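>>> 3D, please:
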Amino acid sequence: MLFKRVSSHRDRFQREAQAVYPSVYGTALRLTRDREEAEDLSQEAIVRAYEAFDRFDGQNFKAWILRILTNLYINKYRRKKRTGTTASLDDDENLFEPMAPAEESPDRVMFDNLMGAEVEEALSRVPEIFRTAVILSDIEGMTYDEIAEATDVPVGTVRSRIARGRSALRAALERYAIEQGYIKQGTPD
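Reported below is the predicted structural model:
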């Protein structure tokens, strides 16, 4: 009986995780802007979620796992800021790893399909704390309360960060919008 319960627990987690993995990876990719870091962050979030699955309230798996992912990212980001960058084998000039051109990499193709390259570029220029809030709200569809819990800030701060992030994104995309004819120069958006 215990084996059956463990098996059904694992099966349920696997179904839930497979259903949301594209969002988990996409969010990790947008946060880290690096394919390998996104893969690592996604996998770590899945492992942490599995370990804590017995504490999941059953309400919204996607929001729950994105909260885990966001917390992992924020903790790693803070740690990197405190310790600075470290050298690795990847920094060795003599090592060569064959790679496709950047515009042909699978994550870039996926990213371009999800949103235009211009939007992706503009989003990457939005300051970190605002970008995270915009990604979680506008791309992943998390509520302000869920974002507040995930980022450990008050809801008012979440609202402010989203507003400022959207404003920065709007400003970054204005020239592109004019060039594409979405808006006319000199008109309010």
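
>>> Let me see the domain layout of this protein.
1-81, 110-189 (automatic domain parsing).

>>> could the ones you listed go into a markdown table alongside mean neighbour count and mean pLDDT?
Quick note: C-beta positions are derived from backbone N, CA and C, even for glycine. As requested, these are exported to a markdown table (neighbours: other Cβ atoms under 10 Å; pLDDT from 0 to 100):
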| stretch | mean neighbour count | mean pLDDT |
| --- | --- | --- |
| domain 1-81 | 16 | 86 |
| domain 110-189 | 16 | 82 |
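
>>> Tell me the helices and strands packed up against the helix or strand hosting residue 162.
Residue 162 is located in helix 155-179, with elements delineated by DSSP states H and E. With contacts defined as 3 or more Cβ pairs under 8 Å, 6 or more residues apart in numbering; DSSP states H and E, helix 155-179 has these neighbours: helix 117-125, helix 128-134, helix 144-151.

>>> Let's have those helices in TSV, adding distance to residue 181.
TSV is the format used below for the helices and strands packed on helix 155-179 (distance: least, Cβ to Cβ, whole Å):
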stretch	distance to residue 181
helix 117-125	14
helix 128-134	25
helix 144-151	33
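
>>> just checking, what's the longest helix in the chain?
Taking DSSP state H as the criterion, the chain has its longest helix at helix 2-32.
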